[in-house]
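K.L.:
next comes the sequence, and after it the predicted model I'd like to discuss.
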Amino acid sequence: MSKIHITLVGGQTAPVYNGIVYTNPDKIIYIYSDRTREETERLSTEIKIESEKRKFDPVNLEEIERDVQKCAEDFRNEKISINISSGTKPWAFYFSKIFSLMPNATLFYVDQNNKVWNFSNKTFETINIDVDVHLNLYGNSLDKYIRFHDISTEDKDVVLKIIELHDYNKETFFRLIARMRDRSNEIEHHLPNGSYLKWDVSNKQFYFNIIKKGISLKKTLKSKNVRHLLLKAGWFEYRIASIISSWEHAIEIRMNCTFPYKDSATKNEIDIIVNTGKKLLFVECKTQIEDNTDIDKFNSAVRNYGGTGCKSLFVTNTPMTDRAREKCEDYKILTYSLQDNHFNMTNEEALHLLLNNELFNINA
């Protein structure tokens, strides 16, 4: 008796893949429509198991019932599992109605927490995900990224110095780097109070001097990625990744994640992707939101690259405006600011609590 796995293919391919991993069948029967042909091809390419594709009408009830009956007849002598997580509701209805009467068939559903719910015995099992496989299932792959734990000691030291400069005098800090960021040919910038930022072209290092109430704080910044860390807010991304790294559910953290176009130009970048084992968390880091369309772009990127089951977090250094928070709430994006009042909790405690309260909630 062969193990036949029937899976309904809709727009969300992750639960389809996870159901196949869970059952480890001898053969897969993909139920698809014209609109999910691409997803079906992607799944069959990713999964090296014998398969058959059966095209169903998405809504015609008479045709669907007839085709489901045909499946039941074709595999009446096999051990069958049916994943009804995806596909159309009429498909799920008729597969449940017809196959629930067959003693050799098991129906199940995979939720957004990768729990596999068995309808026969009302139990569940949880399976883990792989970042690269998950992204591939939605037609994407990472071109480049940096693993948090692979960041060099020199870069870490530079980040700590930048944070010290930032915390010493935030206003002066941002005034100095804004000039250097906006004018790429600029090699030094001075403020009336004596503070300055200089770029040493020969030695590829910055000299930073911030004055506060007549007292100077000087730092020399040098590392392979020092310009990105200082001028492109890489220091802030690392600061947030460092806070998340001590979170109990952070299995793997990837930074500066770029998704390429076919012509190799950068399609989009996600600052941080966290693998929690059960789902992915996408994180956008900005010292401050200057344009609320950044929230729209981030929401679109999360849905396109990770699917609807992923979680998303927008972190800022300065407090968000009410309008920005409202837009994030509309998209079900979590928000966090380092400068908010966290009721005597550290940033680690407050952010971890926020993530724990949301991680296993099902997205509507």
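P.N.:
Structure's in. What do you need? Numbering: from 1, shown residues only.
K.L.:
low pLDDT regions in the stretch 1-150 of the chain?
P.N.:
For the stretch 1-150 of the chain, applying pLDDT under 70 flags no range at all.
K.L.:
do a quick rundown of the strands in it.
P.N.:
3-8, 27-32, 51-55, 79-83, 105-110, 115-118, 123-126, 144-147 (DSSP state E, counting those that start in this stretch).
K.L.:
for E252, find the nearest of those strands.
P.N.:
E252 lies closest, by CB to CB, to one member of the strands of the stretch 1-150 of the chain: strand 144-147, at 7.3 Å. No exception for glycine: its C-beta is placed from N, CA and C like everyone else's.
K.L.:
what's the helix or strand just after that closest one packed up against?
P.N.:
For strand 144-147, the succeeding helix or strand toward the C-terminus, using DSSP states H and E, is helix 153-168. Secondary-structure packing of helix 153-168 (3 or more CB pairs under 8 Å, 6 or more residues apart in numbering; DSSP states H and E): strand 205-212, strand 215-221, helix 226-231, helix 234-245.
K.L.:
how about helix 153-168: buried residues?
P.N.:
155, 158-159, 161-163, 165-166, 168 (16 or more other CB atoms under 10 Å).
K.L.:
now tabulate those in JSON lines and tack on distance to F282 and pLDDT.
P.N.:
Putting the buried residues of helix 153-168 into JSON lines (distance: CB to CB, whole Å; pLDDT from 0 to 100) gives the following:
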{"residue": "D155", "distance to F282": "22", "pLDDT": "97"}
{"residue": "V158", "distance to F282": "26", "pLDDT": "97"}
{"residue": "V159", "distance to F282": "22", "pLDDT": "97"}
{"residue": "K161", "distance to F282": "28", "pLDDT": "98"}
{"residue": "I162", "distance to F282": "24", "pLDDT": "97"}
{"residue": "I163", "distance to F282": "24", "pLDDT": "96"}
{"residue": "L165", "distance to F282": "29", "pLDDT": "97"}
{"residue": "H166", "distance to F282": "25", "pLDDT": "96"}
{"residue": "Y168", "distance to F282": "32", "pLDDT": "97"}
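K.L.:
out of the residues you listed, what pair is the most spread apart?
P.N.:
D155 and Y168 (20.4 Å).
K.L.:
against N275, how distant is the residue nearest in space to the middle of the chain?
P.N.:
By CA atoms, centre = their mean, the chain has its centre lying nearest to F282, at 3.2 Å. Distance, F282 to N275, by CB to CB, to the nearest Å: 11 Å.
K.L.:
try I211
P.N.:
I211 is 43 Å from N275, by CB to CB.
K.L.:
neighbour-wise, which of the two wins?
P.N.:
N275 (20 against 17; other CB atoms under 10 Å).
K.L.:
and the more buried one, what does it touch?
P.N.:
129, 131, 250-254 (CB atoms under 8 Å, 6 or more residues apart in numbering).
K.L.:
for ChimeraX, what selects the buried ones among those?
P.N.:
In ChimeraX, this line selects whichever of the contacts of N275 come out buried by 16+ other CB under 10 Å:
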select :129,131,250,252,253,254
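K.L.:
now the contacts of N275 as a markdown table including secondary structure and distance to S81?
P.N.:
Below are the contacts of N275 laid out as a markdown table (DSSP: H, G, I helix; E, B strand; the rest coil; distance: CB to CB, whole Å):
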| residue | secondary structure | distance to S81 |
| --- | --- | --- |
| I129 | coil | 20 |
| V131 | helix | 26 |
| A250 | coil | 32 |
| I251 | coil | 28 |
| E252 | strand | 30 |
| I253 | strand | 34 |
| R254 | strand | 33 |
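K.L.:
mind picking the two most distant members of the contacts of N275?
P.N.:
Longest span within the contacts of N275, CB to CB: I129 and I253, 14.8 Å.
K.L.:
quick revisit: would JSON lines of the buried residues of helix 153-168 with distance to H5 be doable?
P.N.:
Below are the buried residues of helix 153-168 laid out as JSON lines (distance: CB to CB, whole Å):
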{"residue": "D155", "distance to H5": "46"}
{"residue": "V158", "distance to H5": "51"}
{"residue": "V159", "distance to H5": "48"}
{"residue": "K161", "distance to H5": "55"}
{"residue": "I162", "distance to H5": "52"}
{"residue": "I163", "distance to H5": "51"}
{"residue": "L165", "distance to H5": "57"}
{"residue": "H166", "distance to H5": "54"}
{"residue": "Y168", "distance to H5": "60"}
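K.L.:
could you dump stretch 304-318 to PDB, C-alpha only?
P.N.:
The C-alpha coordinates for stretch 304-318 follow below in PDB (Å, rounded to 0.1, in the frame of the first residue of the first chain):
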ATOM      1  CA  ASN A 304       5.800  39.200  -1.200                       C
ATOM      2  CA  TYR A 305       8.800  37.500   0.300                       C
ATOM      3  CA  GLY A 306       7.500  35.800   3.300                       C
ATOM      4  CA  GLY A 307       3.800  35.200   2.800                       C
ATOM      5  CA  THR A 308       0.800  36.100   5.000                       C
ATOM      6  CA  GLY A 309       1.900  33.900   7.900                       C
ATOM      7  CA  CYS A 310       5.100  35.900   8.700                       C
ATOM      8  CA  LYS A 311       5.400  38.500  11.400                       C
ATOM      9  CA  SER A 312       6.700  42.000  10.900                       C
ATOM     10  CA  LEU A 313       8.200  44.600  13.200                       C
ATOM     11  CA  PHE A 314       9.100  48.300  12.500                       C
ATOM     12  CA  VAL A 315      11.700  49.700  14.900                       C
ATOM     13  CA  THR A 316      12.700  53.300  15.200                       C
ATOM     14  CA  ASN A 317      15.100  55.200  17.400                       C
ATOM     15  CA  THR A 318      12.900  58.200  17.900                       C
END
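K.L.:
in that stretch, what counts as buried?
P.N.:
Buried, per 16+ other CB under 10 Å, within stretch 304-318: 305-307, 309-317.
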